[in-house]
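>>> Next input, structure requested:
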Amino acid sequence: MARIAGVNIPDHKHAAVSLTYIYGVGKTKALQLCDSVGINPATKISALDESEIDSLRNEVSKLSVE
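This is a model prediction of the structure:
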């Protein structure tokens, strides 16, 4: 499982859905995060490499979450 903002997000779900497991990130914000990082929202978290997950961590850290 990937860990973003102190939350284990599921690997077997699409990126846009998995990001909504973080308190403060809804569907719209999740889609915006994927767009800003350059990740297809339909890509599963398990298919992302570590640099893409790090990019997501950096973008989420700019938000007020959890």
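>>> any idea how far residue 4 is from the closest residue to residue 7 other than its chain neighbours?
Among residues not flanking residue 7 along the chain, residue 22 sits closest, at 5.0 Å (C-beta to C-beta, 6 or more residues apart in numbering). For glycine as for every other residue, the C-beta is placed from the backbone atoms N, C-alpha and C. Per C-beta to C-beta, to the nearest Å, residue 22 is found 6 Å from residue 4.
>>> Pick out whichever of those two has more residues nearby.
Neighbour totals were compared for residue 22 and residue 4, and residue 4 leads with 25 against 20 (other C-beta atoms under 10 Å).
>>> what's near enough to touch that one?
19, 22, 53, 56, 57, 60 (C-beta atoms under 8 Å, 6 or more residues apart in numbering).
>>> Contact partners for the fourth one?
Spelled out, that is residue 56. The neighbours of residue 56, taking C-beta under 8 Å, 6+ apart as the test, are 4, 15, 19, 33, 37, 39, 48.
>>> Now do the same for it: helix, strand or coil?
helix (DSSP: H, G, I helix; E, B strand; the rest coil).
>>> Give me the local confidence score for it.
On pLDDT, residue 56 comes in at 93.
>>> Angles on the backbone of the residue nearest to the spatial centre of the chain, please.
Residue closest to the mean C-alpha point of the chain, counted by C-alpha atoms, centre = their mean, is residue 19 at 4.0 Å. Main-chain torsions, residue 19, degrees, to the nearest 10: phi -70, psi -20.
>>> Nearest spatial neighbour of it, chain-adjacent residues omitted?
Nearest residue to residue 19, sequence neighbours excluded (C-beta to C-beta, 6+ apart): residue 30, at 3.8 Å.
>>> right, and the one you found touches residue 21 too?
No - look at residue 30 against residue 21 with C-beta atoms under 8 Å: they stay out of range, at 9.5 Å.
>>> Right, I'll leave it there.
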